[in-house]
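Student: got a sequence here, can you build the structure:
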Amino acid sequence: MLIFIDSLDLLHKHLNSCESVETVKVVIDENMRALVKKNRLPPFLRKSLHFYVCKFNGKMELVAVIDDVKGKHLPITYMVIFDGNGKVKRVEVLVYREKYGWEIKEKEFLRQFEGKTLKDSLRIRNIPGATISVNSITLGVKRMLILYNYVFRK
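Tutor: This next block holds a predicted model:
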């Protein structure tokens, strides 16, 4: 089952009220790979990521990033939106390519990530039949929290 959400429309929806939007390209380097490995997280599937930084009155209000994690067989493409303080504001599954486990795209499941920071436990309710997908997206969000803090909280 292929589930696809138009990521540009979704980005536009969330960044619509911004005074300005800057794109920050982050090339995944050895320091980031080591940080991810140290935290026992799966390696990056992409060589670089783009953070879309929404500013209002010169202040960072939202940051959106699109990434991939490995599902059982195929990648899952997702987006994490952070508020200006580094809390997860929203998680969206943009492309789900597996036959099973698509329930992770449901809003009820994804709401569990809202308000989480790097300091919070990411104990997320499992979905029967979607354990690999649940674990993958959870580890992906944690990886993005670490990367957000690495890039914006130095």
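
Student: list the contacts of the residue of the chain most remote from its centre.
Tutor: Distance from the C-alpha centroid of the chain peaks at residue 57, with 25.3 Å (Cα atoms, centre = their mean). By Cβ atoms under 8 Å, 6 or more residues apart in numbering, residue 57 lies in contact with residue 19. To be clear about C-beta, it is placed using only N, CA and C from the backbone, and glycine gets the same treatment.

Student: what bridges to residue 69?
Tutor: For residue 69, the beta-bridge partners are residue 76 (DSSP bridges).

Student: what about it, neighbour count?
Tutor: 22 (other Cβ atoms under 10 Å).

Student: so it touches residue 137, yeah?
Tutor: Yes. Applying Cβ atoms under 8 Å as the test, residue 69 and residue 137 come out as touching, 6.3 Å apart.

Student: shared neighbours, these two?
Tutor: Common neighbours of residue 69 and residue 137 (Cβ under 8 Å, 6+ apart) are 76, 78.

Student: strands along this protein, start to end?
Tutor: 3-4, 20-27, 48-56, 59-70, 75-83, 88-96 (DSSP state E).

Student: buried stuff in the last one?
Tutor: Going back to what we said before, that points to strand 88-96. For strand 88-96, a neighbour-count test (16 or more other Cβ atoms under 10 Å) marks 88, 89, 90, 91, 92, 93, 94, 95, 96 as buried.

Student: am I right that the third one is in contact with residue 81?
Tutor: Yes. Under the criterion of Cβ under 8 Å, residue 90 lies in contact with residue 81, with a separation of 4.4 Å.

Student: list the contacts of the spatially closest residue to residue 59 that is not a sequence neighbour.
Tutor: Once flanking residues are discounted, residue 59 sits nearest to residue 84: 6.5 Å by Cβ to Cβ, 6 or more residues apart in numbering. Contacts for residue 84 (Cβ under 8 Å, 6+ apart) come out as 59, 60, 61, 62, 63.
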